[in-house]
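Chemist: the following comprises the amino acid sequence and a computationally predicted model.
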Amino acid sequence: MQLRPEQLESHLEKALAPIYLLSGDEPLQLMEAADAVRAAARVQGVEDREVFNVDKGFDWEQLSAAAESLSLFARRRLLELRMPTGKPGAHGSKVLQAYARRPAEDTVLLIETGRLDASDRKTAWCKALESAGVLVQVWPLDLAGTQGWMQRRMRRHGLQPTADALRLLSERVEGNLLAATQEIDKLVLLSGPGPVDADAVLSAVADSARFGVFDLVDAALAGETARAVRVLQGLRDEGIEAVLVLWALAREIRSLHRMAEQVEANKPVQQILSGVRPQRRQPIVRQALRRHGEMGLGRLLASCARVDRAIKGRHPGNPWDELLDLTLNLAGTRVVPDHSPLTGTP
């Protein structure tokens, strides 16, 4: 059975499953999901706990032996298997499948692992564990997901944020749920339960947003110029290499150019967009295709080459100013030749 992170709490109020497989690369959600399983286990009389850390030399027979042995000190047990890579190997896969076929009596197996991609989900060990227990996958949240997560979190603390306050807070801590938790705790301490407006957020919250290069790409595709510039500035401030930012933008522009060629060949747009993944990105890709024709995207590719030369010192321009031009053009904003450069130094 698969559950979303927000469904886990209500599930745990009922009977415990014999196996929980928690996967993902968003640390706070993963940590809190594991904590919730442990807390529910304690409530239901699970007192004995044994932890296994899977590294290169891990002996999988330890798990098999623990499953077959009886606890000397408690009637029910919690076995925790921490597997950062999500790759148990051939022997580990066999052990996990065998456990899934016959879960240990009066025992809960909690497995924490890194992000499982589509191929991992199709492996025999993963399917066996999901069939015998519960799979919870956690993902980094986009801006909309961050707003929903924060609204639920704030309400649990008795805070009643206005729409403007919630939007502002989410933007300022986007991509960093650990910082978001700290800021919510700060708001509770400063103002106590009750209404929270944008002014309260502005006075209490530090700008803790952490961005990735794909946040920049999606903002530019959606034509969100102000946000795209803010993300680009954040990437520079955090020390992200200019070449990595260029790689992400150029990769997307090349993909758009290929799609535009298909549009020019009268291939149905919906058929072209069907290959865009994840599916939720299709609307912003459609926007970008409407904004830039094949020729326009060709010019953007030429701009990518200019940025590349600037990064390599073969063009006199500042690489980050060139990236700003490229980002603005991709977002559909005409670049004025004497635009202000990004602030700060790389």
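Modeler: Alright, I've got the coordinates.
Chemist: quick one: distance of stretch 3-12 to the chain centre.
Modeler: Between the centre of stretch 3-12 and the centre of its chain there are 18 Å (CA atoms, centre = their mean, to the nearest Å).
Chemist: identify the residues contacting that stretch?
Modeler: Here stretch 3-12 makes contact (CB atoms under 8 Å, 6 or more residues apart in numbering) with 17, 29, 32-33, 36-37, 39-40, 134-136, 138, 152. C-beta coordinates here come from the backbone N, C-alpha and C atoms, glycine included.
Chemist: next, give phi and psi for residue 77.
Modeler: Main-chain dihedrals, residue 77, degrees, to the nearest 10: phi -130, psi 160.
Chemist: hmm, it is touching residue 109, no?
Modeler: No: under the contact definition of CB atoms under 8 Å, residue 77 does not touch residue 109, with a separation of 9.3 Å.
Chemist: between the two, which contacts overlap?
Modeler: What both residue 77 and residue 109 touch, as defined by CB under 8 Å, 6+ apart, is an empty set.
Chemist: re the thing from before, tell me which of the contacts of stretch 3-12 fall in helices.
Modeler: Using DSSP state H, the members of these that fall in helices are 29, 32-33, 36-37, 39-40, 152.
Chemist: for stretch 310-318, what is the average pLDDT?
Modeler: Across stretch 310-318, pLDDT averages out at 88.
Chemist: ok, now stretch 233-249?
Modeler: Regarding stretch 233-249, the rounded mean pLDDT is 90.
Chemist: name the residues of it that are buried.
Modeler: 233-237, 240, 242, 245-246, 248-249 (16 or more other CB atoms under 10 Å).
Chemist: equivalent analysis for stretch 248-262, please.
Modeler: Going by 16+ other CB under 10 Å, stretch 248-262 has these buried residues: 248-250, 252-253, 256-257, 259-260.
Chemist: so which of those sit within helices?
Modeler: Those of the buried residues of stretch 248-262 lying in helices (DSSP H): 248-250, 252-253, 256-257, 259-260.
Chemist: tally of neighbours for residue 298?
Modeler: 15 (other CB atoms under 10 Å).
Chemist: tell me the confidence at residue 161?
Modeler: You'll see residue 161 listed with a pLDDT of 93.
Chemist: share the number of residues neighbouring it, please.
Modeler: Neighbours of residue 161 using other CB under 10 Å come to 24.
Chemist: return the residues in contact with it.
Modeler: Neighbours of residue 161 in contact, by CB under 8 Å, 6+ apart: 150-151, 154, 169, 195-197, 201.
Chemist: likewise for residue 2?
Modeler: 130, 134-137.
Chemist: mind redoing it with 7 Å?
Modeler: Counting by CB atoms under 7 Å, 6 or more residues apart in numbering, residue 2 makes contact with 130, 135.
Chemist: low-confidence regions, the protein specifically.
Modeler: Scanning the chain for pLDDT under 70 picks out 70-74, 205-208, 335-346.
Chemist: for residue 196, grab phi and psi.
Modeler: Here is the backbone geometry of residue 196 (degrees, to the nearest 10): phi -130, psi 120.
Chemist: what values do phi and psi take at the nearest residue to residue 127 once chain neighbours are set aside?
Modeler: With CB to CB, 6 or more residues apart in numbering as the criterion, residue 127 has its nearest non-adjacent residue at 7.6 Å, and that residue is residue 121. Here is the backbone geometry of residue 121 (degrees, to the nearest 10): phi -60, psi -20.
Chemist: ok, residue 58 next?
Modeler: Torsion angles, degrees, to the nearest 10, at residue 58: phi -60, psi 140.
Chemist: residue 315 too?
Modeler: Backbone torsions of residue 315, given as degrees, to the nearest 10, read phi -140, psi 140.
Chemist: from residue 232, how far off is the residue nearest to it when sequence neighbours are not counted?
Modeler: Nearest non-adjacent residue to residue 315, counting by CB to CB, 6+ apart: residue 309, 3.8 Å away. Distance, residue 309 to residue 232, by CB to CB, to the nearest Å: 19 Å.
Chemist: for the residue nearest the centre of the chain, give me its contacts.
Modeler: With distances taken as CA atoms, centre = their mean, residue 140 lies nearest the centre of the chain, 1.6 Å away. Counting by CB under 7 Å, 6+ apart, residue 140 touches 25-26, 175.
Chemist: swap the cut-off to 10 Å and go again
Modeler: 24-27, 29, 115, 146, 174-177, 210, 212, 214-215 (CB atoms under 10 Å, 6 or more residues apart in numbering).
Chemist: give me the buried subset of those.
Modeler: 24, 26, 29, 115, 146, 174-177, 210, 212, 215.
Chemist: from those residues, which two are the most distant?
Modeler: Farthest pair in these (CB to CB) is 115 and 174. Separation: 19.5 Å.
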